[in-house]
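Asker: Got a sequence here, can you build the structure:
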Amino acid sequence: MTGRFVTFEGIEGCGKSTQMDRLARQLRAAGHEVVATREPGGTALGLALRRILLGEAGITPMAELLLYAADRAQHLAEVVEPALARGAVVLGDRYLDATVAYQGHARGLGAEAVLALHRTPPLDRRPDRTLLLDLDPAEALRRARARNDAQGTAAAEGRFEREGLAFHRAVRAGYRAIAAAEPGRVRVIDASGAVDEVAARVAAALEDLLP
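Answerer: The predicted model follows:
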C-alpha cells in the first residue's frame, strides 16, 4: 500500500494548523492511519531546533536555511519516510515550500539556493499534494499575534510574527510563485471565512488524492 504525503502551507495565522488537525480527525474516523506532524519540531532534535528558530534573535538567513534543512533531514528519516513506507497518510504542517517562501523569497537567499540543498536524499522527497492556505497578510498577522498572546507563546515562538507586514507580504508572494510554477501539486485555498467553509475547500482540493 502506497502512503500519501500532504503538506499544509501558508503565512502565519492563515489557519493551516486548524485545518490540518481537522482533516486528520476525519481521515482517522474513515479508517486511515494518519501521522500528523510539523516542521520544525516533528522529532526530539526538531523540538530543540524549533526553540532556536522560533525564539532566538539574530539568526542569519543562511543559518536559518541550514537549521531548517537539518530539522527536515531528521524528520524525514525518523517520521515521514517510515510512515509512508507502511502506507500511512502523512499530514505535514509546513515543509520545503515554507523554506523557499521564507528564506528563499522573503529573506532574499533565492529559491535556487534552497532547492539546491534539497536535491540530495532524503531532502529530495516532495509531497503528493500541497495545500496553500491563502489569506490577506494584515488579517493573518493580526490572527497570529492574537493567538500568541492568548497562548503565552509570543516570546518563545513569536520571532516571525514580530516581522513587519512587508516581510509577510513577501512570504505570500513567494508562496504564490510556487503555486503558479507547480499547479499540479499545489492547490491554493481561500483561507478567509468560517472554519467549516475553509474545510470544505480543503476537502475539495483532496478528493482526487484521498477519496
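Asker: biggest helix in this protein, by residue count?
Answerer: helix 165-181 (DSSP state H).
Asker: residues making contact with the helix or strand following that helix?
Answerer: The helix or strand immediately downstream of helix 165-181 is strand 186-190, counting by DSSP states H and E. Strand 186-190 is contacted by residues 9, 19, 97, 129-134, 176, 178-179, 198, 201-202, 205 when judged by Cβ atoms under 8 Å, 6 or more residues apart in numbering. In short, each C-beta sits where N, CA and C put it, glycine included.
Asker: ok, the residues you listed vs residue 30, which is closest?
Answerer: residue 202 (14.6 Å; Cβ to Cβ).
Asker: tell me what the helix or strand hosting the closest one is packed against?
Answerer: Using DSSP H and E, the element containing residue 202 is helix 195-206. Here helix 195-206 touches helix 16-29, strand 129-134, strand 186-190, going by 3 or more Cβ pairs under 8 Å, 6 or more residues apart in numbering; DSSP states H and E.
Asker: in that helix, what's buried?
Answerer: Going by neighbour count (16 or more other Cβ atoms under 10 Å), the buried part of helix 195-206 is 198-199, 201-202, 205-206.
Asker: Mind putting these into CSV with distance to residue 121?
Answerer: As requested, the buried residues of helix 195-206 are exported to CSV (distance: Cβ to Cβ, whole Å):
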residue, distance to residue 121
198, 34
199, 34
201, 34
202, 30
205, 28
206, 27
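Asker: Quick one: mean pLDDT over whichever strand or helix holds residue 92.
Answerer: Element membership of residue 92, judged by DSSP H and E, is strand 89-93. For strand 89-93, the mean per-residue pLDDT is 98.
Asker: from the chain's centre, how far out does it sit?
Answerer: 9 Å (Cα atoms, centre = their mean, to the nearest Å).
Asker: what's the next helix-or-strand element following it packed up against?
Answerer: The helix or strand immediately downstream of strand 89-93 is helix 96-99, counting by DSSP H and E. Under the contact criterion of 3+ Cβ pairs under 8 Å, 6+ apart, helix 96-99 touches strand 4-9, helix 61-75.
Asker: again, only this time at 10 Å
Answerer: Where contact means 3 or more Cβ pairs under 10 Å, 6 or more residues apart in numbering; DSSP states H and E, helix 96-99 is packed against strand 4-9, helix 61-75, helix 111-117, strand 129-134, helix 165-181.
Asker: Check what pLDDT residue 1 gets.
Answerer: pLDDT, residue 1: 58.
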